[in-house]
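Undergrad: Here is my input, please return the structure:
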Amino acid sequence: MKPKKLLICFLIGFVLCPGFKAIQASNSKDSYVDRVCGEDQTNLWLDIVCVVDNSAGMTNAGLTEVAASISSLFVEGQQLGIQPNNPRTTRVGIVTYNQGAQVAADLNNFTSVDELIDKTFRVLNQVSTSSDSYLHAGLESANDLLEQQSFNTARGHYRKLVIVYTSEYKGTGS
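TA: From the prediction side, this is the model:
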């Protein structure tokens, strides 16, 4: 019984391991190539939520840097949004937080890199009047967004990623 479990775990690990070697179809048993995985950024299947502190401590210049950072993550030609003819897409949402949190862009807002860049700079252009920075509020809102628009949907199996941009962290928030 134990050898079967070990074999199953080994096979699962072999299939899921991102750096495994795949045998190239050829007559030579010594032909190995690295598995092509993650090398083509235009072919990612992700749901990403950027959680951004927009409290007064972030500063307007800091928000501009965050907008530039988010924009730099995506390349021209990258497939954004939901495209029924091409499921290999990345969706991006933006949540801002300070004392509370707000969904500035849900996972279905962006359909191109240009649109993402434009709206990101428009949304992240001015800090709030609040000096509170409750990361918990931002993360909770990101979780809610993923619960509503990713989990238990046709994209439920896509990888989820939350990226946090913060100036500071105080307390637990509620």
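Undergrad: in stretch 98-105, what counts as buried?
TA: 98, 100-101, 103-105 (16 or more other C-beta atoms under 10 Å). C-beta: built from backbone N, CA, C; applies to glycine.
Undergrad: any idea how far the residue positioned nearest the centre of the chain lies from residue 91?
TA: With distances taken as C-alpha atoms, centre = their mean, the residue of the chain nearest its centroid is residue 48 (2.3 Å). As judged by C-beta to C-beta, to the nearest Å, residue 48 and residue 91 stand 7 Å apart.
Undergrad: can you check residue 114 too?
TA: As for residue 114, its distance to residue 91 is 16 Å (criterion: C-beta to C-beta).
Undergrad: if you count what's nearby, which of those two comes out ahead?
TA: Between residue 114 and residue 91, counted using other C-beta atoms under 10 Å, residue 91 has the larger neighbour count: 23 against 13.
Undergrad: Tell me what that one is bridged to.
TA: The bridge-partner assignment for residue 91, based on DSSP bridges, gives residue 47.
Undergrad: I figured it hits residue 80, correct?
TA: Yes. Contact status for residue 91 versus residue 80: in contact at 6.9 Å, counting by C-beta atoms under 8 Å.
Undergrad: got any residues that touch both of these two?
TA: Common contacts of residue 91 and residue 80 (C-beta atoms under 8 Å, 6 or more residues apart in numbering): residue 110.
Undergrad: which residues of this protein fall in helices?
TA: Secondary structure of the chain, counting by DSSP state H: helices at 2-16, 60-72, 113-123, 135-149.
Undergrad: okay, those in a markdown table with distance to residue 155 and mean pLDDT next?
TA: Converted to a markdown table, the helices of the chain look like this (distance: least, C-beta to C-beta, whole Å; pLDDT from 0 to 100):
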| stretch | distance to residue 155 | mean pLDDT |
| --- | --- | --- |
| helix 2-16 | 19 | 34 |
| helix 60-72 | 21 | 95 |
| helix 113-123 | 18 | 94 |
| helix 135-149 | 8 | 95 |
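Undergrad: now the residue nearest to residue 130 when sequence neighbours are not counted: how far from residue 118?
TA: Spatial nearest neighbour of residue 130, excluding adjacent residues (C-beta to C-beta, 6 or more residues apart in numbering): residue 98 at 4.1 Å. In this view, residue 98 and residue 118 are 23 Å apart by C-beta to C-beta.
Undergrad: Then residue 65?
TA: Between residue 65 and residue 118 the distance, using C-beta to C-beta, works out to 17 Å.
Undergrad: Kindly report the same for residue 149.
TA: Residue 149 sits 21 Å away from residue 118, going by C-beta to C-beta.
Undergrad: More neighbours: which of these two?
TA: Ranked by neighbour count (other C-beta under 10 Å), residue 149 and residue 118 place residue 149 first, with 19 against 13.
Undergrad: Okay then, goodbye and thanks.
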